[in-house]
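Asks: got a sequence here, can you model it:
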Amino acid sequence: MLDEVDRKIIILLQENGRITDVELAKKIGVSHDTAKRRRRRLEDEGYLKIQALINPRKFGYTSVFLLGIKLVPGADVRKTAEKLANHRDFVFVALSLGPTHAIIAVCMAQDQLSLNRLTEELRTWNEIAEIDMNIIYEVIKEAFHTVPIGDLR
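Replies: Down below sits the predicted model:
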């Protein structure tokens, strides 16, 4: 269960993931050791993860693609999703409930040829029945891992 100090730490880290433990302590009104210990506990218990987000375009990735993947009847959904997750070109893989797809996956491509190679490779996987591809050409909101403070418990 999160208390008010934990919530404040999370809010401040969501605003600035590079904030130091000293700055956290000052803004929250606790000791440096308390801030450091609490932040580490939140990380260790899986409440948060601090990492750098990159701009794919700066690294030559011109397009981002969302794939809806349908599997053949009887295919092991989790095993196929884990196989996709281990593939270097995928940055997001999720199991999906709904009428159309078993797996949702996001990949990036540096050019059309790279994307074609990737989709042709996927078409050789016996467990995949169909791939629906959507090109993400503009992101309007990207706050996938940000939870409003009122929802933090």
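
Asks: please count neighbours and contacts with C-alpha atoms only from this point.
Replies: Fine.

Asks: next one: phi and psi at L95?
Replies: Here is the backbone geometry of L95 (degrees, to the nearest 10): phi -80, psi 140.

Asks: all numbers from here: first residue = 705
Replies: Got it, first residue is 705 now, which makes that one L799.

Asks: now the nearest residue to it once chain neighbours are set aside: phi and psi?
Replies: Spatial nearest neighbour of L799, excluding adjacent residues (C-alpha to C-alpha, 6 or more residues apart in numbering): I807 at 4.6 Å. Taking degrees, to the nearest 10, you get phi -140, psi 140 for the backbone angles of I807.

Asks: same check, this time on the one 3 residues further on
Replies: Torsion angles at V810 (phi, psi; degrees, to the nearest 10) stand at phi -120, psi 130.

Asks: who does it bridge with?
Replies: Counting by DSSP bridges, V810 forms beta bridges with L770, F796.

Asks: surely it touches R792?
Replies: No. Between V810 and R792 there is no contact under C-alpha atoms under 8 Å: 11.3 Å.

Asks: name the residue in the two with the higher neighbour count.
Replies: V810 (21 against 9; other C-alpha atoms under 10 Å).

Asks: contact partners for the residue positioned nearest the centre of the chain?
Replies: Centroid-nearest residue in the chain: F796, 5.7 Å away (criterion: C-alpha atoms, centre = their mean). Residues in contact with F796 (C-alpha atoms under 8 Å, 6 or more residues apart in numbering) are A789, I808, A809, V810, C811.

Asks: all the strands of the chain, residue numbers only.
Replies: Ranges of strands within the chain are 767-775, 794-799, 807-813, 832-840, based on DSSP state E.
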